[in-house]
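Enquirer: could you work out the structure for the sequence below:
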Amino acid sequence: MLAVVDGPDTADYTDAADYVAHTATLRGVVRQRLVSRALIGHLPPAPARLLDIGGGNGVQALEFARRGYDVTVCEPDPRMLAETRRGLADAPESVRRRVELVRGDGRDAVDLVGTGWDATFCHGVIMFVPEPAPLLHVLVELTRPGGIISVVGKNGPALALRAGLQGRWGDTTALLGEPRSAGAARSAGAAGAAGAAGAAGPGWQPAVQMPPGDDPANVAAILTAAGTRSLAWYGIRTFTDHLGGMPPGPDVDAVVDAEWAAGARDPYRGIARLIHHVHRRTG
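Expert: The predicted model follows:
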């Protein structure tokens, strides 16, 4: 597993152990609970067949198995699968029998688990692949017509917010981009490079190249072109993303409620750390 990095020493997690620790922080709890809350409003009723691509340590799988869904986790990391098994061991038998674990890369999932799923999840995975289109196309292929595709990825255009709130001003400036002189802007335009810079406004150029999987507009466009329709999109962690490893406190329910309200409306969802796309396969 690669690190989620947008500046020096800012990885959320670098391996399975770090990811498990991250899921227990306030930021991790907020993410998982917001994703679950959004999906409850879009999934078909239980029992339905759900596939979780890159399901990590099984937080979502356990949540929806408790709600009566049959969930298959397709995960390439054996350490993550071991963590999921540990979580299942503490669950009631009625939950355990609803969860199946398959080791493998999500891009091979059609061969591993077949197609026709009522819903396919892929949460926090596309930021780790150099080009998201092949994986996103697989998600659509896995899902039955009329089924739900749920994707969570980084919100690349807003990554400077965490750095700014943490007081990392050098990283903030780098992520925002550097202002250029009028002469430099004219030169870039003459060279045919003004189009990309112009998207951020005249006289600005990005200092950091945004990976294609971190561009929510690109992710949504790929899914739509592959045969889906967007049902909704949500922001995740508008107010809490900068809090590092802080554990959840007694006010966690109030925190999640506030994040949910912000993540469902503009302008707040547009500056959240993560974007949750919910699409329906149309054909």
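Enquirer: which strands and helices lie in contact with the lengthiest strand in the chain?
Expert: In the chain, taking DSSP state E as the definition, the longest strand is strand 143-154. Applying 3 or more C-beta pairs under 8 Å, 6 or more residues apart in numbering; DSSP states H and E, we find strand 143-154 packed against helix 26-40, strand 117-123, helix 133-142, helix 216-225, strand 228-236, strand 274-281. For glycine as for every other residue, the C-beta is placed from the backbone atoms N, C-alpha and C.
Enquirer: how about it: buried residues?
Expert: 143, 147-154 (16 or more other C-beta atoms under 10 Å).
Enquirer: those: which two are farthest apart?
Expert: Largest separation among those by C-beta to C-beta: G147 and K154, giving 24.7 Å.
Enquirer: got phi/psi on R86?
Expert: R86 adopts backbone torsions of phi -60, psi -40, taken as degrees, to the nearest 10.
Enquirer: distance of it relative to V59?
Expert: 12 Å (C-beta to C-beta, to the nearest Å).
Enquirer: mind listing what the residue nearest to I148 when sequence neighbours are not counted touches?
Expert: Nearest-residue entry for I148: A119, 4.0 Å, with adjacent residues in sequence omitted and distances by C-beta to C-beta, 6 or more residues apart in numbering. The neighbours of A119, taking C-beta atoms under 8 Å, 6 or more residues apart in numbering as the test, are 39, 43-44, 48-51, 143, 147-150.
Enquirer: again, but for D241
Expert: Residues counted as contacts of D241 (C-beta under 8 Å, 6+ apart) are 27, 161-162, 165, 272-273.
Enquirer: cool, and C122?
Expert: Neighbours of C122 in contact, by C-beta under 8 Å, 6+ apart: 52-54, 106, 135-136, 139, 149-152.
Enquirer: kindly recompute the last result at 6 Å.
Expert: C122 sits next to 53, 139, 151 when contact means C-beta atoms under 6 Å, 6 or more residues apart in numbering.
Enquirer: just G54 next, same as before
Expert: Applying C-beta under 6 Å, 6+ apart, we find G54 in contact with 106, 125.
Enquirer: quick one: M246 is in a helix?
Expert: No - counting by DSSP: H, G, I helix; E, B strand; the rest coil, M246 falls outside a helix, being coil.
Enquirer: tell me the confidence at the nearest residue to it once chain neighbours are set aside?
Expert: Nearest residue to M246, sequence neighbours excluded (C-beta to C-beta, 6+ apart): L26, at 4.9 Å. You'll see L26 listed with a pLDDT of 98.
Enquirer: do D15 as well
Expert: 79.
Enquirer: tally of neighbours for it?
Expert: Other residues near D15 come to 14 when the count uses other C-beta atoms under 10 Å.
Enquirer: equivalent analysis for A160, please.
Expert: Each residue near A160 was counted by other C-beta under 10 Å, and the total is 20.
Enquirer: chain neighbours aside, what residue packs nearest to it?
Expert: Using C-beta to C-beta, 6+ apart, the nearest residue to A160 is L175, at 3.8 Å.
Enquirer: so the one you found is in which element?
Expert: For L175, the host element (DSSP states H and E) is helix 169-176.
Enquirer: list the buried residues of that helix.
Expert: 171-172, 174-176.
Enquirer: for the stretch 51-200 of the chain, which spans come out with low pLDDT?
Expert: Judged against pLDDT under 70, the low-scoring parts of the stretch 51-200 of the chain cover residues 178-200.
Enquirer: show me the helices in it, by range?
Expert: Remark: helices assigned in the stretch 51-200 of the chain by DSSP state H, counting those that start in this stretch are 59-66, 78-89, 93-96, 109-113, 133-142, 160-165, 169-176, 182-190, 194-198.
Enquirer: quick one: which of these is nearest A261?
Expert: helix 160-165 (17.9 Å).
Enquirer: what sits against the closest residue to G106 other than its chain neighbours?
Expert: Using C-beta to C-beta, 6+ apart and skipping the chain neighbours, the partner closest in space to G106 is I53 (3.8 Å). Shown in contact with I53 (C-beta under 6 Å, 6+ apart): 74, 106, 109, 122.
Enquirer: out of the residues you listed, the closest to Y13 would be?
Expert: So of the contacts of I53, ranked by how close each gets to Y13 (C-beta to C-beta), first place is C122, at 17.1 Å.
Enquirer: check A48 and give its pLDDT.
Expert: According to the prediction, A48 has pLDDT 98.
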